[in-house]
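Asker: Predicted model and sequence below, questions to follow.
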Amino acid sequence: MFDKSTWIKLPRNVLVGHGVLDQLGEAVEELYLSGRPLLVTSPSPERIAGDRIRDQFGDIDSISLDRASFEAVERVVEYANEIDAGYLIALGGGKPIDIAKMASDHLNCGFVSVPTAASHDGIVSGRSSIPEGDTRHSVAADPPLAVVADTELLAEAPWELTTAGCADIISNYTAVKDWQLAHRLQNVEYSEYAGALAQMTAELLVESADSIKPGLEESAWIVTKALVSSGVAMSIAGSSRPASGAEHLFSHQLDRLAPGRALHGHQVGVGAIMTEYFHSGERGDWRNIRDALSTMGAPTTAEELGIDEATVIEALTTAHTIRDRYTILGNGVSEEAAIEAATITGVL
Ligand SMILES: NC(=O)C1=CN([C@@H]2O[C@H](COP(=O)(O)OP(=O)(O)OC[C@H]3O[C@@H](n4cnc5c(N)ncnc54)[C@H](OP(=O)(O)O)[C@@H]3O)[C@@H](O)[C@H]2O)C=CC1
Ligand SMILES: O=C(CO)COP(=O)(O)O
Ligand SMILES: [Zn+2]
């Protein structure tokens, strides 16, 4: 008997374009939500766009967070219960969006995603990524009911945030390879559709590399559409596998060893150069990944990340311990092998 079933959760309204932030009220109205909103944000996004949201929703309650943690999720849940919020509006980068995503899951209410940076592919995804002690949880949660990504606002954000988004997408190359490897070696369930979508998204972005330049709103448009597409791949997969492999494990370790030093996307990009080397060897595709990152202005070395060599090697040799996710790192990379990979690829 055929007994497979799948439940793919996706946002209902996705608005990407010039000035669409001013249509947030309209997009929310179309969702037939009830109750008052709670704005979940962080300091810079609040400063940049908080008032434009208040212009549409009146003087709404808001909470500003500076760190992604389970404690921050708890604070949002408590505050939302206190004011009897009907839904959440997440305004900012990956941090407030992930926190609101998880809090809305706990509260059994919906949330709307309003990215202020094209820096990560959690804008649309049904995954929340929260660090806790020595580990990181990639938690299943509902995706946003709507996404309102204003390319005018995103283009005004510091350019490095956009290059971080590019690198998060380019890392799909190695993430999909790791997923396929785990499928072959460990019988991990693999979705051809999600894998193909994640890979194609990375390919299309790399093909557009010459059009991705600071000061061009079109760049924010290209990158945001890719982030949406990558988030959809995660929703189809029901896991972050299409967009997160060993390069993400490396980045999550860096977050522990050198917190706040570099952006998530930049760390996964540098990780992808090295994990591609592990996949395909010295003559393999790692040069293409490095060149694509460098064309877009994303870091390709430890120095450009602002992270010292010893920390990079420690992150690479311990990355396999952070989560139960089979990747090319297998049971771990020796220090000698890590130094060799980082040196050959020019990361060190
Ligand atoms: N759930 C998922 O599927 C995914 C989740 N992630 C998660 O997302 C996080 C990374 O996202 P990222 O966006 O880098 O993290 P942050 O939300 O920390 O944003 C990065 C920085 O950019 C600032 N910022 C945001 N928007 C603007 C703006 N318009 N102008 C100026 N500064 C701005 C933030 O300011 P401030 O400090 O004031 O907030 C912060 O300092 C990680 O925690 C990662 O794990 C990443 C990919 C996928
Ligand atoms: O960053 C992500 C995808 O780009 C999410 O992945 P994680 O599940 O590893 O947190
Ligand atoms: Zn990522």
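Answerer: Cool, got the structure. Ligands and ions are numbered 1, 2, ... in the order given.

Asker: Report the buried residues of stretch 137-150.
Answerer: For stretch 137-150, a neighbour-count test (16 or more other C-beta atoms under 10 Å) marks Ser138, Val139, Ala141, Asp142, Pro143, Pro144, Leu145, Ala146, Val147, Val148, Ala149, Asp150 as buried. Bear in mind the C-beta positions are built from the backbone N, C-alpha and C, glycine included.

Asker: Likewise for stretch 203-219?
Answerer: Neighbour-count burial for stretch 203-219 flags Leu205, Val206, Ser208, Ala209, Ile212, Glu217, Ser219 (criterion: 16+ other C-beta under 10 Å).

Asker: can you check stretch 70-77 too?
Answerer: Residues Ala72, Val73, Arg75, Val76, Val77 are the ones in stretch 70-77 that count as buried (16+ other C-beta under 10 Å).

Asker: same question, stretch 266-278
Answerer: In stretch 266-278, counting by 16+ other C-beta under 10 Å, buried: 266-278.

Asker: Over to Gly17: give its phi and psi.
Answerer: phi 160, psi 180 (degrees, to the nearest 10).

Asker: picking that back up, which of the buried residues of stretch 266-278 fall in helices?
Answerer: Secondary structure defined by DSSP state H assigns 266-278 of these to helices.

Asker: which of the residues you listed lies closest to ligand 2?
Answerer: Among these, Val268 lies closest to ligand 2 (C-beta to the nearest ligand atom), at 6.8 Å.

Asker: returning to what we had before: just put the buried residues of stretch 70-77 in a markdown table and tack on secondary structure, pLDDT and distance to ligand 2.
Answerer: Below are the buried residues of stretch 70-77 laid out as a markdown table (DSSP: H, G, I helix; E, B strand; the rest coil; pLDDT from 0 to 100; distance: C-beta to the nearest ligand atom, whole Å):
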| residue | secondary structure | pLDDT | distance to ligand 2 |
| --- | --- | --- | --- |
| Ala72 | helix | 95 | 16 |
| Val73 | helix | 95 | 15 |
| Arg75 | helix | 97 | 21 |
| Val76 | helix | 97 | 19 |
| Val77 | helix | 97 | 21 |
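
Asker: Pick the one among those closest to Leu65.
Answerer: Of all the buried residues of stretch 70-77, Leu65 sits closest to Ala72, with 4.7 Å by C-beta to C-beta.

Asker: who's in contact with that closest one?
Answerer: With contact set as C-beta atoms under 8 Å, 6 or more residues apart in numbering, Ala72 has these partners: Leu65, Ile99.

Asker: can you do 10 Å?
Answerer: Contacts for Ala72 (C-beta atoms under 10 Å, 6 or more residues apart in numbering) come out as 40, 42, 63, 65-66, 95-96, 98-100, 102-103, 130.

Asker: Over to Leu24?
Answerer: 15, 49, 52-53, 55-57, 89, 91, 112, 114, 146, 148, 150.

Asker: Could you measure from it over to ligand 1?
Answerer: Distance check for Leu24 against ligand 1: by C-beta to the nearest ligand atom, to the nearest Å, it reads 15 Å.

Asker: about what we covered before: among the contacts of Leu24, which ones are buried?
Answerer: Buried members of these, counted by 16+ other C-beta under 10 Å: Leu15, Ala49, Ile53, Ile89, Leu91, Val112, Val114, Ala146, Val148, Asp150.

Asker: Residues contacting the host helix or strand of the second one, please?
Answerer: Pointing back at Ala49 there. Taking DSSP states H and E as the definition, Ala49 sits inside helix 43-57. By C-beta under 10 Å, 6+ apart, the surrounding residues in contact with helix 43-57 are 21-26, 28-29, 36-37, 39-41, 60, 62-66, 89-93, 95-97, 114-117, 148, 150, 153, 156-158, 161.

Asker: Now which of these would you call buried?
Answerer: By 16+ other C-beta under 10 Å, the contacts of helix 43-57 give 21, 23-24, 28, 37, 39-41, 60, 62-65, 89-93, 95-97, 114-117, 148, 150, 153, 157, 161 as buried.

Asker: Cross-check these against ligand 2 and keep the overlap.
Answerer: Among the buried ones among the contacts of helix 43-57, no residue sits close to ligand 2 (C-beta under 6 Å from any ligand atom).

Asker: just checking, what packs against the helix or strand bottoming out on mean pLDDT in the chain?
Answerer: Using mean pLDDT, DSSP states H and E, strand 135-140 stands out as the lowest-scoring helix or strand of the chain, at a mean of 80. Applying 3 or more C-beta pairs under 10 Å, 6 or more residues apart in numbering; DSSP states H and E, one finds that strand 135-140 contacts helix 70-83, helix 94-107, strand 127-132, helix 246-257.

Asker: Next one: the last one, is it in contact with ligand 1?
Answerer: No. Using C-beta under 6 Å from any ligand atom, we find that helix 246-257 stays clear of ligand 1, coming within 7.4 Å at best.
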